[in-house]
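Colleague: need a 3D model of the following:
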Amino acid sequence: MYRWILRTLMVAAVATLFTLGGAVDVRGDGQQAGPAPAAEGPGSGFRVDARRGPVDLGINDPALVGAIDIHVHLVPDSPGANGNMRFLDPFEMAKVAKARRMRGFVMKTQHDASSASLAYLTRKYAAPDLDIFGTMAMNLALGGMNVAAVERFSQVSGGWGRIIMMPSIDNERERDAPSDTLGSRRPYALLMSPEAEKWVSTVRNGELLPNVKQLIGVVAKLRTVDTNAPLVLATGHASGEEHVLIAREGRRLGLQVVLTHGSDASLAQQQEAAKMGAYIELTVNGLVREGAAAARRAADSIRAVGAEHYIVSSDCGQMANPFPSDCLSLAAQALRANGITERQLDLMYKENPARLLGLPVLSPAS
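Modeller: Numbering: from 1, shown residues only. Modelled structure (predicted):
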């Protein structure tokens with residue numbers, strides 16, 4: 001009980017300290033123009049209105065200046081697991097990113113390739129000065145390990161479809177998810193014929209499946225239209241073993257690789273992937289929700305593997321989470337409290353995401 005009270009008071013104090021004059025009215029209706037109210041729950045750091053979504057805390061944190069969030073969920077998109085709806089659209093996210101002086105963001109779509117088109121439109125009509133990209137996950141709605149989908153994604157106008165993710169919610173590993181995996185999490189599986197394969201596999205007997213290796217090979221060969229940029233490989237909702245095997249194959253072929261939700265891999269597996277030159281993604285929506293213990297574990301992992309191998313992303317944008325910028329800010333504060341330095345934050349928030357995406361690393365004055 002006392003821990004709950006202390007944690008709530010701490011988050012409320014942080015929000016009050018940083019929100020003075022900082023919130024952005026992304027809807028244009030005045031509903032989010034002022035400082036956010038105190039947090040409503042242990043370790044939440046935000047308030048959620050069931051009808052309107054999260055409230056913008058408006059936190060201006062130094063870690064955000066020049067940051068690139070490589071994992072944002074935005075509308076228009078189909079719901080995520082358990083019907084989890086997204087809140088901000090890309091134009092609204094661009095408005096928030098500009099207000100926080102971020103460099104850019106990467107929007108992820110679980111079940112279609114629209115993130116590449118949305119990145120093109122947002123750059124053209126709302127934020128030509130931001131670096132905005134898209135991620136596509138190789139889930140069932142895209143045909144699983146579908147080379148055609150990858151090639152078409154790379155050729156969407158602008159060339160801003162940049163990250164190819166191995167299966168996420170349809171990864172065979174999700175069979176063990178602690179909820180109704182064929183109902184609330186994946187309702188489309190109930191519509192499939194009994195004999196249809198309802199999961200996307202990547203590994204058998206300690207080896208990548210042939211079609212997975214073929215797809216990674218295609219990813220390594222392709223270049224995006226207009227920008228002539230290489231694609232990036234993300235490991236998806238993988239097991240620790242899958243993370244390492246996918247990273248090894250991607251790095252062997254010269255791809256930039258990031259372990260999606262990298263904390264799902266063991267510390268030894270993270271270190272192995274880092275030695276190959278892969279990045280470890282630290283998604284912070286769980287860190288913000290889980291509080292001090294999660295922050296300590298994350299900081300310990302960063303020290304053990306090295307901040308030069310980590311990328312901090314929000315994995316936010318859903319109705320049930322804070323604004324992506326607030327997720328990143330609250331996580332930066334929690335990491336600082338556990339001994340992570342400003343230099344390490346700059347690596348994980350700014351420099352490593354730029355390197356992953358093939359962008360120049362900017363100096364602090366840029």
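
Colleague: so what's the residue count around residue 150?
Modeller: Here the count is done by other Cβ atoms under 10 Å, and residue 150 has 22 residues near it. C-beta: built from backbone N, CA, C; applies to glycine.

Colleague: could you grab the helix/strand/coil label for it?
Modeller: Following DSSP: H, G, I helix; E, B strand; the rest coil, residue 150 is assigned to helix.

Colleague: surely it touches residue 215?
Modeller: Yes. Here residue 150 lies in contact with residue 215, judged by Cβ atoms under 8 Å, at a distance of 6.5 Å.

Colleague: shared neighbours, these two?
Modeller: Residues touching both residue 150 and residue 215 (Cβ atoms under 8 Å, 6 or more residues apart in numbering): residue 138.

Colleague: what's the weakest-modelled helix or strand in the chain?
Modeller: helix 2-18 (a mean of 37; mean pLDDT, DSSP states H and E).

Colleague: tell me the secondary structure for the residue nearest the centre of the chain?
Modeller: Geometric centre of the chain, nearest residue: residue 71, 2.0 Å, by Cα atoms, centre = their mean. Put simply, residue 71 is strand when judged by three-state DSSP.

Colleague: what about the nearest residue to residue 318 once chain neighbours are set aside, neighbour count?
Modeller: Nearest residue to residue 318 in three dimensions, chain neighbours excluded: residue 84, at 5.0 Å (Cβ to Cβ, 6 or more residues apart in numbering). By the criterion of other Cβ under 10 Å, residue 84 has 14 neighbours.

Colleague: residue 84 against residue 317, yeah?
Modeller: No. Counting by Cβ under 8 Å, residue 84 does not reach residue 317; the two are 10.1 Å apart.

Colleague: OK, contacts around the closest residue to residue 199 other than its chain neighbours?
Modeller: Computed as Cβ to Cβ, 6+ apart, the closest residue to residue 199 that is not its neighbour in sequence is residue 172, at 4.2 Å. By Cβ under 8 Å, 6+ apart, the contact list for residue 172 reads 199, 200, 201, 202.

Colleague: burial check on the nearest residue to the last one once chain neighbours are set aside, number of neighbours?
Modeller: Meaning residue 202. Spatial nearest neighbour of residue 202, chain neighbours left out: residue 212 (4.9 Å); criterion: Cβ to Cβ, 6+ apart. Neighbour count for residue 212, taken as other Cβ under 10 Å: 24.

Colleague: residue 212: which element?
Modeller: helix 210-221 (DSSP states H and E).

Colleague: may I have that helix as PDB, with CA atoms only?
Modeller: Provided in PDB are the C-alpha atoms of helix 210-221 (Å, rounded to 0.1, in the frame of the first residue of the first chain):
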ATOM      1  CA  PRO A 210      14.100 -22.100 -45.600                       C
ATOM      2  CA  ASN A 211      11.400 -19.500 -46.500                       C
ATOM      3  CA  VAL A 212      12.600 -17.300 -43.600                       C
ATOM      4  CA  LYS A 213      16.100 -17.300 -44.900                       C
ATOM      5  CA  GLN A 214      14.900 -16.600 -48.400                       C
ATOM      6  CA  LEU A 215      12.900 -13.600 -47.300                       C
ATOM      7  CA  ILE A 216      15.800 -12.200 -45.300                       C
ATOM      8  CA  GLY A 217      17.900 -12.600 -48.400                       C
ATOM      9  CA  VAL A 218      15.400 -10.600 -50.400                       C
ATOM     10  CA  VAL A 219      15.300  -7.900 -47.700                       C
ATOM     11  CA  ALA A 220      19.100  -7.600 -48.000                       C
ATOM     12  CA  LYS A 221      19.000  -7.200 -51.800                       C
END
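
Colleague: how near is residue 286 to residue 229?
Modeller: As for residue 286, its distance to residue 229 is 31 Å (criterion: Cβ to Cβ, to the nearest Å).

Colleague: who has more neighbours, these two?
Modeller: Of the pair residue 286 and residue 229, residue 229 is the one with more neighbours under other Cβ under 10 Å, namely 19 against 16.

Colleague: and the pLDDT for that one?
Modeller: Note for residue 229: predicted pLDDT of 98.

Colleague: what's the mean pLDDT across stretch 243-250?
Modeller: Stretch 243-250 shows a mean pLDDT of 98.

Colleague: what's it in contact with?
Modeller: Here stretch 243-250 has contacts from 166, 202-203, 206-208, 212-213, 216, 219-220, 233, 235-236, 238, 256-257, 259, 262, 264-265, 269, 272-273, 276, 278, using Cβ under 8 Å, 6+ apart.
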